[in-house]
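Colleague: Requesting a structural model of the entry that follows:
(4 chains)
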There are 4 protein chains.
Amino acid sequence: MEDLIHKLRAFAKERDWERFHSPKNLAMALSVEVSEIVELFQWMTEEQSKKLSPEKIQKLKEEIGDVMIYLTKLADKFGINLVDAAKKKLEINEKKYPAEVVRGKSKKYDEY
Amino acid sequence: MEDLIHKLRAFAKERDWERFHSPKNLAMALSVEVSEIVELFQWMTEEQSKKLSPEKIQKLKEEIGDVMIYLTKLADKFGINLVDAAKKKLEINEKKYPAEVVRGKSKKYDEY
Amino acid sequence: MEDLIHKLRAFAKERDWERFHSPKNLAMALSVEVSEIVELFQWMTEEQSKKLSPEKIQKLKEEIGDVMIYLTKLADKFGINLVDAAKKKLEINEKKYPAEVVRGKSKKYDEY
Amino acid sequence: MEDLIHKLRAFAKERDWERFHSPKNLAMALSVEVSEIVELFQWMTEEQSKKLSPEKIQKLKEEIGDVMIYLTKLADKFGINLVDAAKKKLEINEKKYPAEVVRGKSKKYDEY
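Modeller: Presented below is the predicted three-dimensional model:
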């Protein structure tokens, strides 16, 4: 991960692209790349989405790579560690949705 | 990262929530969480987006945590390693936009 | 529609909010509002999404209202007529996907 | 608008595509098309976004057409009138953000 962060900094610096990479713009780019993942799945059934062909998995991997690039760049602007942020949020969710309460009932999902 | 993946698997299993987590649904959830990041920045100027208050950075960290959670889950469904996917995509981009060609010219961005 | 456009112009003017409404920002706001529609459907099955409760339909109507507000505002900035834009695009699609060719074969969707 | 609704119904029926158009899928398609609008603006400054070239405006019109198509289809599934939904939401906003209170203060936007 550290290595990725350094490579991303060097990539933008060598191209003089940092000036385009305000957090506002990175947030937009992140949402555009996520939509390319959504596009992959939009007309599939849920079952079909579970059984992708090797070509689709390769395509998904590239789109996930793009999302990860912009997510890492955005987090790096504010010194946020991605894995740490996810773990902290997961701890919050564990308290919000206790397993013994929501199990089987799917509390969260029944709202929908 | 490995530890996060295991925690996420356990979290869903303990709540019997895996049945909601088809790749199609995870892609939708990922896009919804990314929009919460976009929402943070939508009315800011680019300059304002560079200087967030500690409260906004904390809020951003939580939203980034949510995005990272769904991105990790989606990648895990297909055995995709997030950092590896980003590095592979970065190598593709390095060939597509050679520093010596695009530097100063901002080829990619002038299209926009 | 004309009436809506005039009301939206007056609403922003009375509040001195036009300065926030650059096309870039309106595009971001549009994407945030669309995500609230996606959020409504994200954990539903396709079948469930067809049979919404009256409360969910009311909620959907409000979210669609928000999307329509930002879409109308963005189009108004460039003198674009929404219904005309949709009809023109539909004509392009009719030529791109001729009924006699794609019928039954679902050409477009089989790509996915 | 009525004419557009009828044309969209006929378009899908002639191609036997209605089976792909569950509200869940339409919501996903809507978000993908909105991202193509966001993509147009992502690297522009706010000022640049106000002065699009004729080619960019034409491109924007096509993307807005796509968004309007899916928004109209989704609303049609539940008998929702787009202009009416926007007006109703605008009335709610007028009460939520009274002009005499928020004017100059930009209450809503200062949260960000």
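Colleague: Which part of chain A gets nearest to chain D, residue-wise?
Modeller: residue A:35 (3.4 Å; Cβ to the nearest Cβ). For glycine as for every other residue, the C-beta is placed from the backbone atoms N, C-alpha and C.
Colleague: Residue D:35 is in contact with that residue, correct?
Modeller: Yes. Counting by Cβ atoms under 8 Å, residue D:35 is a contact partner of residue A:35 at 3.4 Å.
Colleague: which secondary structure element contains the residue of chain A closest to chain D?
Modeller: Under the criterion of DSSP states H and E, residue A:35 resides in helix A:23-41.
Colleague: From chain B, how far off is the residue of chain A closest to chain D?
Modeller: Distance, residue A:35 to chain B, using Cβ to the nearest Cβ, to the nearest Å: 7 Å.
Colleague: quick check: domain ranges of chain A?
Modeller: A:2-80, A:81-112 (automatic domain parsing).
Colleague: any residue of the helix of greatest length in chain A up close to chain B?
Modeller: What stands out as the longest helix in chain A, according to DSSP state H, is helix A:54-77. Yes. Looking at helix A:54-77 against chain B by Cβ under 8 Å from any Cβ of the partner chain, the contacts come from A:57, A:60-62, A:64-69, A:71-72, A:74-75, A:77.
Colleague: Narrow the residues you listed to those that are buried.
Modeller: A:60-61, A:64-69, A:71-72, A:74-75, A:77 (16 or more other Cβ atoms under 10 Å in any protein chain shown).
Colleague: tell me the contacts of residue A:47?
Modeller: Going by Cβ atoms under 8 Å, 6 or more residues apart in numbering or on different chains, residue A:47 touches residue B:22.
Colleague: Figure out how far the helix or strand where it lies is from the centre of its chain.
Modeller: According to DSSP H and E, residue A:47 maps onto helix A:46-50. From the chain centre to the centre of helix A:46-50 is a distance of 20 Å (Cα atoms, centre = their mean, to the nearest Å).
Colleague: ok so, going back, what's the angle from the following helix or strand past the longest helix of chain A to helix B:54-77?
Modeller: The helix or strand immediately downstream of helix A:54-77 is helix A:82-96, counting by DSSP H and E. On the basis of axes from the mean of the first three to the mean of the last three Cα atoms, to 10 degrees, helix A:82-96 is oriented at 90 degrees to helix B:54-77.
Colleague: so what does the helix or strand following helix A:82-96 touch, helix or strand wise?
Modeller: Tracing the chain past helix A:82-96, the next element assigned as helix or strand by DSSP H and E is helix A:99-102. Applying 3 or more Cβ pairs under 8 Å, 6 or more residues apart in numbering or on different chains; DSSP states H and E, one finds that helix A:99-102 contacts helix B:2-15.
Colleague: Mind checking if the helix it packs on is in reach of chain A?
Modeller: Yes. Judged by Cβ under 8 Å from any Cβ, helix B:2-15 comes into contact with chain A at B:3-4, B:7-8, B:11, B:14-15.
Colleague: Show me which of those are buried.
Modeller: B:4, B:7-8, B:11, B:15.
Colleague: Near chain D, which residues of chain A are found?
Modeller: Along chain A, the residues adjacent to chain D under the rule Cβ under 8 Å from any Cβ are A:20, A:25, A:28-29, A:31-32, A:34-35, A:38-39, A:41-43.
Colleague: switch to 10 Å and redo it
Modeller: Within chain A, the positions near chain D by Cβ under 10 Å from any Cβ of the partner chain are A:17, A:20-22, A:24-46.
Colleague: And those, which of them are buried?
Modeller: A:17, A:20-22, A:24-44, A:46.
Colleague: residues touching the closest residue in space to residue A:42 that isn't next to it in sequence, list them.
Modeller: Distances taken as Cβ to Cβ, 6 or more residues apart in numbering or on different chains put residue D:28 closest to residue A:42, at 4.2 Å, once the chain neighbours are dropped. Taking Cβ atoms under 10 Å, 6 or more residues apart in numbering or on different chains, we find residue D:28 in contact with A:35, A:38-39, A:41-44, B:24, B:27-28, B:31, C:37-38, C:41-42, D:22, D:70.
Colleague: cool, residue A:35 as well?
Modeller: A:42, A:63, A:67, B:27, B:30-31, B:34, C:31, D:28, D:31-36, D:38-39.
Colleague: try residue A:57
Modeller: By Cβ under 10 Å, 6+ apart, the neighbours of residue A:57 are B:77-80.
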